[in-house]
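Asker: Just the structure for this:
(one chain, ligands or ions: 2)
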Amino acid sequence: MTEKYILALDQGTTSSRAIIFDHAGRALCQRSQEFRQIYPKPGWVEHNAEDIWSSQLNVGVQVLQDQGLTMSDIAAVGITNQRETTIVWDRRTGAPIHNAIVWQDRRTAGYCDELKRAGWEEKIRAKTGLVIDAYFSGSKVKWLLDNVPGAREKAERGELMFGTVDTFLVWRLSAGAAHVTDFSNASRTMLFNIHTLEWDDEILTEMGIPRSMLPEVRQSSEIYAEIQGRLRGANGTAPIAGIAGDQQAATFGQACFDVGQAKNTYGTGCFLLMNTGNKPVESKNNLLTTIGWGLNGKITYCLEGSVFVAGAAVQYLRDSLGIVGAAGETEALAASVASSGGVYFVPAFVGLGAPYWDQYARGAIMGLTRGSGRAEIVRATLEAVAYQSRDLLEAMTADSGVTLSELRVDGGMVANNFLMQFQSDLLGVAVERPRVAETTALGAAYLAGLAVGYWKNIDEIKSNWALDKRFDPAMDKAHRDKAYAGWKRAVERVRAWEEPDESFG
Ligand SMILES: Nc1ncnc2c1ncn2[C@@H]1O[C@H](COP(=O)(O)OP(=O)(O)O)[C@@H](O)[C@H]1O
Ligand SMILES: O=P(O)(O)OC[C@H](O)CO
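Answerer: Residues are numbered from 1 along each chain as shown. Ligands and ions are numbered 1, 2, ... in the order given. Model (predicted):
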């Protein structure tokens, strides 16, 4: 039999990627395509769902061509995606009724405040594992139904479909054969009960969201549908057999299968997830309880800390301030000075996520003196990513009782050795960067491959994990605690800055 491969489609916030993996978990070939970010108003972030679709399809087709393969050489396709981002489309035409509302979008902050005032906080946390925040899909669906002319009536007539990006892609890739999502993505909607594993009627009623719009929720590793259309090829097709939100997929790709194992992903945002096993752990420290994956009829839960802006702050230096030409330049610039000279950058462009959950915080660069130059600001930007991750790890340790001996890392920013060393210094914990940095795509590939027997079990996968570089802490505790105390002061200065917008429209 000729060798088969797994195709992973990784639809991220800033780019769509496709990667072909072999049985050893090696990436043979990859393609990526950036697409447009749309900022219609301050605090609003949208994507054109057709850009998401066309960029994802293009890279899928290209990566097969690059390797001289067709779908018939692929054992299974795995899908992983930016989470929470909300798309509503017409069931009959397949056309989205509006741009996708991106996870970072804050337009529903006012409605979330209303929910809090109405006393929903405890109930939402108990049912969904989440805090009430504009981050999650539920309030975004409500906004679309309330604001797109005719949408609510159509939804009530069963003519509209809702999906996170995984759902939309599977719907399109299967030519409308499957309207599905997996447990990990459903757990990010604020509409899903993570204990009963069902959409929650009480929350749906409160938000006025008809159940008929919602996808069927399935395991993260099973056959959902077959690839159709342009990606299919003439000689046959392959099943879509894995779906997981990108952070959960990365946790799987990092082989964090044991309770207490954790990974931190440094992409547009930063996401620290710890495997807590088959029982949900309720956070006392403002983390989220979320579903890692559903596999072989069992749910694995995670605690998650989500930071909205990490690499996006580097993009801001490049695209808005123009003080670096490329993200990679930040490493040498940051290392060119011994410290940030007391400069702190709190990149709260869209408020603050865990553990602060402040929808109205806004960004600031502070501690500036006449000596604060480009290098200091660049260094403060990278340091901010590490400080935010320390915020998450402290909460995680308090909630789980687990003191990590090492932290597995991945995402676009881990190429930055300065950041990785500073992270280790600041945490006092070793930071381990694996050889395959594309662990998100790898996780989706593993989930798809497990469903079709390409890999036998997770033990086979565990042995694929290999270390690229380990960063050991080299900063003394007094120094690290002083630097971190400065960060905490800086965060206090930016909180509750923006005036709440009561208009919700
Ligand atoms: N060498 C680097 N140093 C610092 N930041 C980087 C570096 N390379 C990439 N980045 C940042 O990482 C992010 C891209 O990471 P990626 O994991 O691809 O993100 P996403 O999946 O969210 O689209 C961008 O925000 C970019 O600014
Ligand atoms: O696209 P990423 O990698 O920034 O991930 C986005 C997260 O899934 C948002 O929750």
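Asker: Tell me who's in contact with the residue of the chain most remote from its centre.
Answerer: Among residues of the chain, the one most distant from the C-alpha centroid is Arg370; the distance is 38.0 Å, by Cα atoms, centre = their mean. Contacts for Arg370 (Cβ atoms under 8 Å, 6 or more residues apart in numbering) come out as none. C-beta coordinates here come from the backbone N, C-alpha and C atoms, glycine included.
Asker: And it, how close does it get to ligand 1?
Answerer: Per Cβ to the nearest ligand atom, to the nearest Å, Arg370 is found 27 Å from ligand 1.
Asker: Need the pLDDT of Trp487.
Answerer: At Trp487, the pLDDT value in this model is 98.
Asker: Could you do Gly43 as well?
Answerer: Gly43 is assigned 86 on the pLDDT scale.
Asker: what's the helix or strand for it?
Answerer: Using DSSP states H and E, Gly43 is not contained in any helix or strand.
Asker: What of Ile365?
Answerer: strand 364-366.
Asker: Also Leu9?
Answerer: Element membership for Leu9, per DSSP H and E: strand 5-11.
Asker: Does ligand 1 have contacts with the next helix or strand after that strand?
Answerer: Moving toward the C-terminus from strand 5-11, the next helix or strand (DSSP H and E) is strand 15-21. Yes - with Cβ under 6 Å from any ligand atom as the criterion, ligand 1 is reached by strand 15-21 at Ser15.
Asker: The strand holding Ile365: which residues count as buried?
Answerer: By neighbour count on 16 or more other Cβ atoms under 10 Å, the buried set for strand 364-366 is Ala364, Ile365.
Asker: Return the list of helices and strands in contact with that strand.
Answerer: With contacts taken as 3 or more Cβ pairs under 8 Å, 6 or more residues apart in numbering; DSSP states H and E, strand 364-366 sits against strand 344-346, helix 477-494.
Asker: and the ones you listed as JSON lines, adding mean neighbour count?
Answerer: Shown next, in JSON lines, are the helices and strands packed on strand 364-366 (neighbours: other Cβ atoms under 10 Å):
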{"stretch": "strand 344-346", "mean neighbour count": "25"}
{"stretch": "helix 477-494", "mean neighbour count": "15"}
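Asker: and ligand 1, which of these is closest to it?
Answerer: Ligand 1 lies closest to strand 344-346 among the helices and strands packed on strand 364-366, at 13.5 Å (Cβ to the nearest ligand atom).
Asker: mind giving me the domain split of the chain?
Answerer: Domain assignment for the chain by the TED database gives 5-246, 255-308+388-476, 311-380.
Asker: Make CSV out of these and add distance to ligand 2.
Answerer: Converted to CSV, the domains of the chain look like this (distance: least, Cβ to the nearest ligand atom, whole Å):
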stretch, distance to ligand 2
domain 5-246, 3
domain 255-308+388-476, 3
domain 311-380, 8
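Asker: for those domains, which one sits closest to Arg489?
Answerer: Checking the domains of the chain against Arg489 by Cβ to Cβ gives domain 311-380 as the closest, at 8.0 Å.
Asker: elements contacting the strand holding Leu9?
Answerer: Strand 5-11 sits against strand 15-21, helix 49-66, strand 74-81, helix 165-173, helix 439-451, with contacts defined as 3+ Cβ pairs under 8 Å, 6+ apart.
Asker: which residues sit in contact with the closest residue to ligand 1 within the stretch 1-150 of the chain?
Answerer: Closest to ligand 1 within the stretch 1-150 of the chain is Gly12: 3.2 Å, counting by Cβ to the nearest ligand atom. With contacts defined as Cβ under 8 Å, 6+ apart, Gly12 is in contact with Asn81, Gln82, Asp246, Gly267, Thr268, Thr440.
Asker: what pLDDT does it get?
Answerer: As predicted, Gly12 sits at a pLDDT of 94.
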